[in-house]
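Participant: I'd like to go over a predicted model; first the sequence, then the structure.
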Amino acid sequence: MIYTVTLNPALDRYIVVERLLMEDTTRILSETPYAAGKGIDVSRVIRELGGQSVALGLVGGFDGMQLEGLLINAGVMTDFTMISGETRTNIILREQAKNRQYAISAAGPEINATEIGLFYQNVNQIRNMDYLILSGSIPRGVTPNLYGQLILAGKKKNAFIVLDTDGKALHEALDYQPSCIKPNIYELSRLAQRDLQTESDIIGFCERLHDKGIPNILVSRGKAGLLLSSTEQKIKAVAPPVEVDSAVGAGDSVVGGFVLAHSRGKDLADCVRLACAAGTATAQTPGTELCHRVDVEDTLPKVQISTL
């Protein structure tokens, strides 16, 4: 079974207005709630593409209950740890007249030691873990080292572990050697402490990470496509040009597609192909909406695969 972890989930409110008015009433044309957070997005994509996973994380309050209910209604299995604080709410505001989008992101609740201890116990008690996806930011009150401890817990279960985070949490977790990391080009450049402009730059730095025990690095690069550097292969995937509506969730869709294909025994080229198609399909949807299966299936044969 695939398990996804979202330590700082959110209830996203996608609001559409005609235009923002100064010192006057701006009326909402439509409002849609989404269960959000990077690991949750991965679970939603896996479900949309015909797979199944279990979403783990920390939720609390009425917003946390609504978030869980949205996932249950969407057919996503959950096993959340309840916390005393209220799950954060983010606002994604679409101004139609100017074709602009604004994202207002909340910090989220502070997690206490008892709550993180309960969550860690829940992870340790899982017996059928084949894949563990660790995604997103670390909430307040939790050390960035937690991802390292979760990687060790996954390794004890012989799970394939994917890490998708940034900054100190990513840097510290590398010492625990996850099976795969999924930075975008900017996150990888921050990790390298220099601007990685060319594919040679990217591959060169990935080789250094391989030497540190990271066997797979999946780098998302927007229109330039995906690049997978493994200890055995270097694979590039490029999708046809599309009209981007919102790139929110595209990276999470890449992870969902890659892991789902990998869990089905596909070779690395096919895993990268599905990852690229899922990310591209998500970029065509509005707000925090994710890919639709029909769009992924339409894009899949159009993805160009090459080896480097």
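Facilitator: That came in fine, so what should we check first? These numbers were taken from a predicted model, which means no experiment stands behind them. Numbering: from 1, shown residues only.
Participant: dihedrals phi and psi, Ser253?
Facilitator: Backbone torsions of Ser253, given as degrees, to the nearest 10, read phi -70, psi -30.
Participant: what distance do you get for it to Asp295?
Facilitator: 11 Å (Cβ to Cβ, to the nearest Å). For glycine as for every other residue, the C-beta is placed from the backbone atoms N, C-alpha and C.
Participant: neighbour count winner among the two?
Facilitator: Set side by side, Ser253 and Asp295 show more neighbours around Ser253, with 31 against 18, by other Cβ atoms under 10 Å.
Participant: I'd say the more buried one and Gly279 touch.
Facilitator: Yes. If you go by Cβ atoms under 8 Å, Ser253 and Gly279 touch, sitting 4.8 Å apart.
Participant: what touches both of those two?
Facilitator: Residues touching both Ser253 and Gly279 (Cβ atoms under 8 Å, 6 or more residues apart in numbering): Cys291.
Participant: spell out which residues are contacts of both of Ser253 and Asp295.
Facilitator: Joint contacts of Ser253 and Asp295 (Cβ under 8 Å, 6+ apart) are Ala281.
Participant: what's the neighbour count on Tyr208?
Facilitator: Slight slip there: residue 208 is Arg, not Tyr. 10.
Participant: got the phi and psi for it?
Facilitator: The phi/psi pair for Arg208 (degrees, to the nearest 10) is phi -60, psi -40.
Participant: can we start the residue count at 47 from this point?
Facilitator: Right, with 47 as the first residue, what we last looked at is Arg254.
Participant: pLDDT weak spots in the stretch 197-346 of the chain?
Facilitator: For the stretch 197-346 of the chain, not a single residue meets the criterion pLDDT under 70.
Participant: try 90 this time
Facilitator: Applying pLDDT under 90 to the stretch 197-346 of the chain flags residues 243, 268-269, 287-294, 332-335.
Participant: and stretch 342-354, end to end?
Facilitator: Stretch 342-354 has its terminal residues 25 Å apart, counting by Cα to Cα, to the nearest Å.
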